[in-house]
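Chemist: Model the following, please.
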Amino acid sequence: MSANQIDTGADGATLTVDLDALVANWRSLGARAGTEAAAVIKADAYGIGIEPAATALAKAGCKSFFVAHVSEGIRARKVAPEATIYVLNGLLPGACGTYAEHSLSPVLGSHEELLEWASFRQTGAQVRPAALHVDTAMNRLGLWQGEGLNLARERSGVVAAAGIGLLMSHFASSEVEADPANARQIGAFAEIAAALPEIPASLKNSSGHFLKDCPSYQLTRPGYALYGGNPTPGRPNPMKPVVGLEARILQIREVEDGMQIGYNGRWTARGRRKLATICLGYADGYPRNASWTDTTTGGTALLEGVPCPFAGTVSMDLIIIDVTDAPAGAARRGASVTLIGGPLDLETVGAGAKTIGYEILTSLGRRYARRYIGG
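Modeler: Predicted coordinates:
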């Protein structure tokens, strides 16, 4: 649908997801790494939907997926019955049986988790291999580097009893190529991987694919880049866009100089302006921080390719945009404006909302009409 095409349906906003672009991004990253690429599909596959994303990627040959929660893993298992599905957020006490029931692999990040999983395996339970997470910089989840090395050197200890099938760590600053933390993490992980040479390893996230001197090991874990986010900030985006968002105009009005607009009158008309109210708001996942006021800049929509800044506060279900500079006749009831697409890529939209593209993606609302193409 073009920016000015009128939809005859009743949906106020439409999210378009290009599954062929998703698959192309996955293939591109795997080719760049020269090894197997998994797919991170947590947060409802970054907002586009776990089921369509996992189905398209599995069909294309993706064999490993990463989610954050068990509930996400259960959803992914239904559409990817043969895949290895890792649950990143670790093993909660007493949860081993659920992992076994759904053939999920926990990412173990503490000695307690290792012991509980090893004990469960010793009961004869049929489980898939778990992953071992070693923290090399984040101080968030995972074994301390020293703990990881000690366990690795035990060889026949708890690591063997837990049946570890993957060793992994996570970059803290891989999108900033010059950050010296990257080299420190690469070195720290290499030491642990060398101590466990029989276990496949994984370090690269999306931006890690573009870091110099970063080994690919046996598995990479792209997430954001799969969905069209730029893994190389400040440089041209090497990924194909995957999502587009359009909303329809509900009403047009003209206001005089000095009139205040929206909740609390935080935007004041400078001269006579033409305004359009569109069918989308923060209840749809578009951040309230994208509000454009007399003192702060905010979000932008495109009407027939012309940027139209927001006017006032983003409200629950509606946003007002200033369409004064749009082509004559473009602003009309029922016409569509673009919120994500073309020059309004995820990074630009995120900056306009004073956040990051990751949050824009993962906040995509369930009220949108969703249109999947390809796959």
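Chemist: shaky segments in the chain?
Modeler: 1-9, 155-156 (pLDDT under 70).
Chemist: Which residues in the strand or helix carrying G146 does the neighbour count mark as buried?
Modeler: Element membership for G146 (DSSP states H and E) is helix 145-154. Within helix 145-154, the residues scored as buried using 16 or more other C-beta atoms under 10 Å are 145, 148-149, 151-152. C-beta here means a position set from N, CA and C on the backbone, and glycine is covered the same way.
Chemist: Stretch 294-302 now?
Modeler: For stretch 294-302, a neighbour-count test (16+ other C-beta under 10 Å) marks 298-302 as buried.
Chemist: residues in contact with it?
Modeler: Contact with stretch 294-302 is made by 3, 247, 266-268, 278, 286, 289-292, 307-310, 314, 319, 321, 337-339, 341-344, 348-349, 352-353, as judged by C-beta atoms under 8 Å, 6 or more residues apart in numbering.
Chemist: What's the separation between the most centrally placed residue in the chain and H170?
Modeler: Taking C-alpha atoms, centre = their mean as the criterion, Y46 is the residue nearest the geometric centre of the chain, at 3.5 Å. From Y46 over to H170 the distance is 16 Å, taken as C-beta to C-beta, to the nearest Å.
Chemist: And for L104?
Modeler: Taking C-beta to C-beta, one finds L104 at 19 Å from H170.
Chemist: same check, this time on G228
Modeler: Using C-beta to C-beta, G228 is found at 21 Å from H170.
Chemist: Equivalent analysis for T16, please.
Modeler: Relative to H170, T16 is positioned 31 Å away (C-beta to C-beta).
Chemist: repeat for V159
Modeler: Distance from V159 to H170, by C-beta to C-beta: 19 Å.
Chemist: any idea where the strands of the stretch 201-350 of the chain begin and end?
Modeler: 201-202, 219-220, 243-255, 260-261, 267-268, 273-278, 300-303, 306-309, 319-322, 336-340 (DSSP state E, counting those that start in this stretch).
Chemist: Tabulate those (TSV), appending distance to Y86.
Modeler: As requested, the strands of the stretch 201-350 of the chain are exported to TSV (distance: least, C-beta to C-beta, whole Å):
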stretch	distance to Y86
strand 201-202	9
strand 219-220	10
strand 243-255	24
strand 260-261	48
strand 267-268	46
strand 273-278	40
strand 300-303	38
strand 306-309	41
strand 319-322	38
strand 336-340	29
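Chemist: Minimum distance to E113: which of the ones you listed has it?
Modeler: Counting by C-beta to C-beta, E113 lies closest to strand 201-202 out of the strands of the stretch 201-350 of the chain; the figure is 17.9 Å.
Chemist: Against which helices or strands is the closest one packed?
Modeler: Here strand 201-202 touches strand 164-168, strand 219-220, going by 3 or more C-beta pairs under 8 Å, 6 or more residues apart in numbering; DSSP states H and E.
Chemist: again, 6 Å this time
Modeler: strand 164-168 (3 or more C-beta pairs under 6 Å, 6 or more residues apart in numbering; DSSP states H and E).
Chemist: quick one on the thing from earlier: let me know the closest of the buried residues of stretch 294-302 to Q122.
Modeler: Distances from Q122 to the buried residues of stretch 294-302, taken by C-beta to C-beta, are shortest for G299, at 55.0 Å.
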